[in-house]
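S.K.: Build me a structure from this.
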Amino acid sequence: MRIAIDGRHVADHFPGIGRYVFSLVRALAALEHGHTLLVLHNPALRNTRFDWGELARGVELVKTSARPFSPGEQLQIPALLRRLRADVYHAPYYVMPYAALPCPAVVTLYDVIPRLFPREVSRRARLLFELLSRLALRAASELIAISESARADIAAAFGVAPERITVTPLAADERFAPRQPAEVQPVLARYGLARPYALCVSSNKPHKNLPALVAAWAKLVERPSAGGPQLAIAGHFDPRYPEAQELAQRAGLGQRVRFLPDVPEDDLAALYAGAELFVLPSRYEGFGLPLLEAMACGVPVVCGGGSSLPEVVGDAALIAGGAGPQGPPEGRGGGATARG
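M.R.: Predicted coordinates for the structure are as follows:
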């Protein structure tokens, strides 16, 4: 079988989807399945995080000038799939070619954040999400969700039968594993961190709930017994949402809260491994991959109680606070719950 995977999202503009696609291709390339993996990629797109050269032996990289979101992809990608004689096409995003596909399409959908948190996106973006998601649902022969929670949300939002959606949970990359102190210390020094510290890996979008984490940390470090531990928040920070940084400044937290933008993958693994605690206060996730990455590094985890998070951690983490925007977490999975 000739399996075409759209790898154009392995680019700096799509950090989460890029990681998903690259990890998927790498895992498939390592299997002895007898199929041909055709990975579409646009070398003109900026990609500083992932090296396709690692996979050169297991896949056939196919160059295309089609850019995600461009009108041209609606014609170029179907024509390319036809030329490649692809038997199936995996689109890892709802913005994809919607017509004239020469083979069945498998589409991965992650969440319904534009619907649940409309203030985070423009009215135009919300309308496009609704329209293009429905076009993707119509074009897809098979649908993939990354958690049971996401499947339920997608089914409810778009009136799709849940049994039409296959849940394929995510997994932590093999680089996320316990490390020796000698491996971790140079990375900590580079970022101005000293043990013990807590780590949060998250963007600063409002549903990520970072101001609540900073406020809680400000209360913690007021206690004489706390010893002034550091909190490191690593991720991509959108300048439209400065609330967490401003709160840390007003609270006079100084070096006790460090914001680390766009940390490279290898450094990120070391930051996980050196942490005493990992915290994810998010109110909603389609999955919550940082939770698995932290646990793979042997780090205790505290997370919120909404959406997929209890499903991901099971009884292996402390679940703090209440539910996310869609009601109580009891129906979403197990886990101990700490209130307050």
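S.K.: contacts for the helix or strand residue 39 falls within?
M.R.: Residue 39 is part of strand 36-41, with elements assigned from DSSP states H and E. Residues outside strand 36-41 that contact it (CB atoms under 8 Å, 6 or more residues apart in numbering): 1-8, 10, 25, 28-29, 52, 55, 58-64, 77, 80, 84, 86. Yep, even glycine has a C-beta here, placed from its N, CA and C like the rest.
S.K.: Show the buried residues in these.
M.R.: Among these, those classed as buried by neighbour count (16 or more other CB atoms under 10 Å) are 2-8, 10, 25, 28-29, 52, 55, 59, 61-62, 64, 77, 80, 84, 86.
S.K.: List the strands paired with the strand holding residue 39, with their directions.
M.R.: Using DSSP bridges, strand 36-41 pairs in its sheet with strand 2-6 (parallel), strand 60-63 (parallel).
S.K.: in it, what's buried?
M.R.: 37, 38, 39, 40, 41.
S.K.: What of stretch 88-108?
M.R.: Buried, per 16+ other CB under 10 Å, within stretch 88-108: 88-98, 101, 103, 105-108.
S.K.: Dump the strand holding residue 39 to PDB, keeping only the CA atoms.
M.R.: Output of strand 36-41 as PDB, limited to C-alpha atoms (Å, rounded to 0.1, in the frame of the first residue of the first chain):
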ATOM      1  CA  THR A  36       5.500   2.700   1.100                       C
ATOM      2  CA  LEU A  37       5.400   5.900   3.100                       C
ATOM      3  CA  LEU A  38       5.100   9.000   1.000                       C
ATOM      4  CA  VAL A  39       5.600  12.200   3.100                       C
ATOM      5  CA  LEU A  40       4.600  15.500   1.400                       C
ATOM      6  CA  HIS A  41       6.700  18.400   2.600                       C
END
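S.K.: I'd like the distance from that strand to the chain centre, please.
M.R.: From the chain centre to the centre of strand 36-41 is a distance of 22 Å (CA atoms, centre = their mean, to the nearest Å).
S.K.: cool, and stretch 214-233?
M.R.: Worked out by CA atoms, centre = their mean, stretch 214-233 lies 27 Å from the chain centre.
S.K.: Cool, thanks, signing off.
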